[in-house]
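K.L.:
Give the three-dimensional model of this entry:
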Amino acid sequence: MPEYRTVSASLKENVAYVNEILPVEDSFDIVQRNIVIGGRDAAFYFVDGFTKDESMLKIMDSLFSVTEEDMPKSATVFSRKYIPYVEVDILGDFDQIFRNILSGATCLFIEGYEAGIIIDCRTYPARGVDEPDKDKSLRGSRDGFVETIVFNTALMRRRIRDPHLIMQMLEIGESSRTDVAVCYMSDRVDQELLNKLMDKLNHIRTDALMMNQQSLAECLMKRKWYNPFPKFKFTERPDTASACLLEGKIVIMVDNSPSAMILPTSIFDMIEEANDYYFPILTGVYLKAARALITILTVFLTPLYLLFMQNIRWIPEMFTFVVVRDMVNIPLIWQLLLLELAIDGLRLAAMNTPNMLSTPLSVIAGLVLGEFSVSSGWFNSEVMLAMAFVSVANYTQPNFELGYALKFMRLQLLILTAIFNWIGFLAGLIVIICSICCNKTLTGRSYLHISRN
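P.N.:
Numbers count the residues shown, from 1 in each chain. All right, here's what the predicted structure looks like:
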């Protein structure tokens, strides 16, 4: 980082230095406004689009009413007497001044004052706090995080009115200087984990957090490419984040991202969702058990089906109706792998299809591809039924990244079973167990660790 000097009493020198560092002449949105206050020359610097016009008009009215005799000797006294705004700071270091200007605050330089007056009357473009599409709840609140970090922390503060709720703000990224908020309950958090996390955050050396939380997660913990299971839990619901804070967990918010990173976490946290807590205990336990059972079936249903088709004598008499009677032109393993790829292709197509066309195109794809792929001899109807269950069951999984981790486990189980029969199935099962048990989180604990908070 370059070495910045301090503010001088000469307005001419300050303006020349600011114009040298900031692209005032080249960039249209960085604005310099020269005025006279109490007989002294002064200059405003701000970013167009971040400043509240109504607040600045009131501040300008107050400044233009100052006479030459009323001008105090220091910038601190001036800000207290003549700037009618709540968030005002006095800074003498240009490094901090440039950070404030580029993040949206307004800076005022006045001839004779060896400091810049920072007026934080900024406002960020933001969408409404609507409920997130992916993380919906049948009951409970209908608000969700947005891309503005101050709004997100306010949504959690509104739910937890406790002085022990701490929200520490950091800046990460040499170029981006992205705001990162670390939120925790000081009387409930694991202090060892908190100290370890803060040490890692303070020692991150990166140019920018271009992908927001994903970039931060990669800086905090280098993942192993061969283990696809996620190490962090993400949520876009402020009620879920607030509940995790009260459980003693740490929530990390990154500016420009509408989701919160929660840690420490385990595989049991990954399969939880908000609906589990908005219903009575019996209903919540049933939903958790049903989701866990369906998650297990999404991994093992098609590999077990392939294993039994390779060993038909293992099938009890009462279940012989599941046997594939008429084998089509393509072997069973290739049918399953092709359908895995086709399902992902349909999902990607749905993501990139305009909303007004997504429903009719999905219906056409389901009818045409499903019906004619069986009648034309590409796939067996039994295989289509099994893969249809797997594709629908994937949507019961609230964590998108965990869903794909389970998909990769299913694929390797299918391939090993097809090649080595039951020995390959057992080997694949061992790989899955080892991938889960050996997956360490940021705390160094096992992925199967259950928090006692």
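K.L.:
Going by C-alpha atoms from here, please, whenever you check contacts or count neighbours.
P.N.:
OK.
K.L.:
residue boundaries of the strands in the protein?
P.N.:
Remark: strands assigned in the chain by DSSP state E are 30-37, 40-47, 88-91, 106-110, 116-119, 165-172, 178-185, 233-235, 250-254, 260-263.
K.L.:
which one of those strands lies closest to Arg159?
P.N.:
When the strands of the chain are compared by CA to CA, strand 165-172 sits nearest Arg159, at 10.6 Å.
K.L.:
What lies in contact with that closest one?
P.N.:
With contact meaning CA atoms under 8 Å, 6 or more residues apart in numbering, strand 165-172 is reached by 153, 157, 177-186, 201, 204-206, 208-209.
K.L.:
Please indicate which of these are buried?
P.N.:
153, 157, 177-186, 201, 208-209 (16 or more other CA atoms under 10 Å).
K.L.:
and the two most separated of these?
P.N.:
Longest span within these, CA to CA: Ser186 and Ala208, 29.2 Å.
K.L.:
Tell me where the longest helix sits in the protein.
P.N.:
Taking DSSP state H as the criterion, the chain has its longest helix at helix 400-437.
K.L.:
Pull the distance from that helix to the chain's centre.
P.N.:
Distance, stretch centre to chain centre, for helix 400-437: 28 Å (CA atoms, centre = their mean, to the nearest Å).
K.L.:
Which strands and helices lie in contact with that helix?
P.N.:
Helices and strands touching helix 400-437, by 3 or more CA pairs under 8 Å, 6 or more residues apart in numbering; DSSP states H and E, are helix 281-310, helix 332-351.
K.L.:
and the residue of the chain positioned farthest from its centre, what does it touch?
P.N.:
In the chain, the greatest distance from the average C-alpha position (CA atoms, centre = their mean) is reached by Glu69, at 53.6 Å. Counting by CA under 8 Å, 6+ apart, Glu69 touches Gly38.
K.L.:
before we move on, back to that, can you tell me which of the strands of the chain comes nearest to Ala427?
P.N.:
Closest of the strands of the chain to Ala427 is strand 233-235, at 28.8 Å (criterion: CA to CA).
K.L.:
Which residues outside that closest one are in contact with it?
P.N.:
Asp135, Ala241, Ser259, Ala260, Met261, Ile262, Leu263, Thr265, Asp269, Met270, Asn399.
K.L.:
swap the cut-off to 6 Å and go again
P.N.:
Residues from elsewhere that reach strand 233-235 (CA atoms under 6 Å, 6 or more residues apart in numbering): Ser259, Ala260, Met261, Ile262.
K.L.:
And for stretch 117-133?
P.N.:
Residues from elsewhere that reach stretch 117-133 (CA under 6 Å, 6+ apart): 50-52, 87-90, 104-108, 142-144.
K.L.:
Which residue, other than its chain neighbours, is closest to the residue most central in space within the chain?
P.N.:
Residue closest to the average C-alpha location in the chain (CA atoms, centre = their mean): Ser259, at 3.6 Å. Counting by CA to CA, 6 or more residues apart in numbering, Ser259 lies nearest to Glu236, which is 4.4 Å off, once chain neighbours are set aside.
K.L.:
Leu416 now?
P.N.:
When the adjacent residues along the chain are set aside, Leu416 lies closest to Gly424, with 4.5 Å between them (CA to CA, 6+ apart).
K.L.:
what's the distance between the nearest residue to Ser215 once chain neighbours are set aside and Arg237?
P.N.:
Spatially, and ignoring its direct neighbours in sequence, Ser215 is nearest to Leu209 (5.3 Å; CA to CA, 6+ apart). Using CA to CA, to the nearest Å, Leu209 is found at 22 Å from Arg237.
K.L.:
likewise Leu416?
P.N.:
For Leu416, the distance to Arg237 equals 39 Å [CA to CA].
K.L.:
If you count surrounding residues, which of those two has more?
P.N.:
A direct count of neighbours by other CA atoms under 10 Å for Leu416 and Arg237 places Arg237 higher, at 29 against 20.
K.L.:
pretty sure the more buried one contacts Gly144?
P.N.:
Yes - the pair Arg237 / Gly144 is scored as a contact, 4.9 Å apart, by CA atoms under 6 Å.
K.L.:
Report the buried residues of stretch 65-73.
P.N.:
Val66, Met71.
K.L.:
Check the separation of the first and last residues in it.
P.N.:
End-to-end distance of stretch 65-73: 17 Å, with CA to CA as the criterion.
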